[in-house]
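Undergrad: I'd like to go over a predicted model; first the sequence, then the structure.
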Amino acid sequence: MKTLAAVLTGFLIATPALGETIGRAYTQFDADKCRHSKGKGVEDYGSWRCAGHDGIDIYLTAGDQRMKVSFGKNALRKLAVSQTFPRFNSVYQGTVEWRLETPPSGKPRPFATILRWMPTSWRRSSPTSTPAASSAE
């Protein structure tokens, strides 16, 4: 019975409220076209503020070959601006998918974003080698 209750609760949480619709919008950004603030140290590349969806800015910060992204008015004070992947990565250009909810009598508002990143591979590249020809016949 507890399992059934947990499944039903998860289903109710995952589905939009009655009359509420879920949509999406896309915003492309390019750090070269965004407002840049210089960093303060050697490994601090600075931050960029890019236009996002419906007046919600996209904030990028970079340093030590890693980037961080956050959104909105208080983006620089949110936890997301201090989180990144352990591997070197970059997201100087990209497309943000904004998930939007529309209340029955309201304006669509974002509740989540999706951004695809490109972390580097940990694999080391090695020179191509060809196996020696076998002399045994």
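TA: Done, it's in.
Undergrad: Quick check on the most centrally placed residue in the chain: phi, psi?
TA: Centroid-nearest residue in the chain, with Cα atoms, centre = their mean: residue 115, separated by 3.4 Å. Backbone torsions for residue 115, taken as degrees, to the nearest 10, come to phi -140, psi 130.
Undergrad: If I follow the layout properly, residue 89 ends up in contact with residue 67?
TA: Yes - under the criterion of Cβ atoms under 8 Å, residue 89 makes contact with residue 67 at 5.9 Å. C-beta: built from backbone N, CA, C; applies to glycine.
Undergrad: Just the pLDDT at the residue nearest to the centre of the chain, thanks.
TA: The confidence metric pLDDT takes the value 94 at residue 115.
Undergrad: tell me the contacts of residue 121?
TA: Residue 121 sits next to residue 87 when contact means Cβ atoms under 8 Å, 6 or more residues apart in numbering.
Undergrad: and what of residue 114?
TA: 96-97, 99.
Undergrad: Highest neighbour count among these?
TA: residue 96 (22 neighbours; other Cβ atoms under 10 Å).
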